[in-house]
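Chemist: model this:
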Amino acid sequence: DMRPLVRLAWNALDTNYIATMLADGPAALVLDLRLPSIPVMELPASPTDGRGAINAFAWSPSSAHHIVTASDHHDACLWDIAQSSQQRRPLVDYSGESRHINQLQWSSRHPQLLAVGVDDSVQVVHV
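Modeler: Below is the predicted model of the structure:
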């Protein structure tokens, strides 16, 4: 696939991992720099029906294995990249209630809190 990469995020707690996504991509990709040609994990925009595109993602500031993704299909999902591929389901699936989720940001002071940019508002979610 020759679409450009439009977002990158380095895992600050395990620097072997980078998350990225393709332009209008249906999934975020987690890459391990020790073997970057094969994604460790593909995180779909919508875990239930696979529709939509990823808008944003952010690594947890307190867990090396947790990443949250947001989609234009109204979902924000918390994933554990340590799960086996057979169990690959989000730990938390937050709905933006029929509105687009555009941005995510973990609180650096309170790592259990996540700010979610939903259309014209910000919602703070306890995860």
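Chemist: this protein: helices as residue ranges?
Modeler: Here the chain has no helices by DSSP state H.
Chemist: and the strands in it, which stretches?
Modeler: Using DSSP state E, the strands assigned to the chain run over residues 5-10, 17-22, 27-32, 41-44, 54-59, 66-71, 75-80, 92-95, 101-106, 113-118, 121-126.
Chemist: show me what contacts the spatially closest residue to residue 117 that is not a sequence neighbour?
Modeler: In this structure, residue 117 finds its nearest non-sequential neighbour in residue 103, 3.6 Å apart by C-beta to C-beta, 6 or more residues apart in numbering. Every C-beta, even on glycine, is put in place using the N, C-alpha and C of the backbone. Residue 103 is in contact with 55, 56, 70, 116, 117, counting by C-beta atoms under 8 Å, 6 or more residues apart in numbering.
Chemist: now do the residue nearest to residue 59 when sequence neighbours are not counted against residue 102, distance only.
Modeler: The shortest distance from residue 59 to any non-neighbouring residue, by C-beta to C-beta, 6+ apart, is to residue 11 (4.7 Å). As judged by C-beta to C-beta, to the nearest Å, residue 11 and residue 102 stand 22 Å apart.
Chemist: more crowded one of these two?
Modeler: More crowded of residue 11 and residue 102, by other C-beta atoms under 10 Å: residue 11, with 20 against 15.
Chemist: how close does that one sit to residue 124?
Modeler: On the measure of C-beta to C-beta, residue 11 and residue 124 end up 23 Å apart.
Chemist: before we move on, what about residue 79?
Modeler: Residue 79 is 20 Å from residue 124, by C-beta to C-beta.
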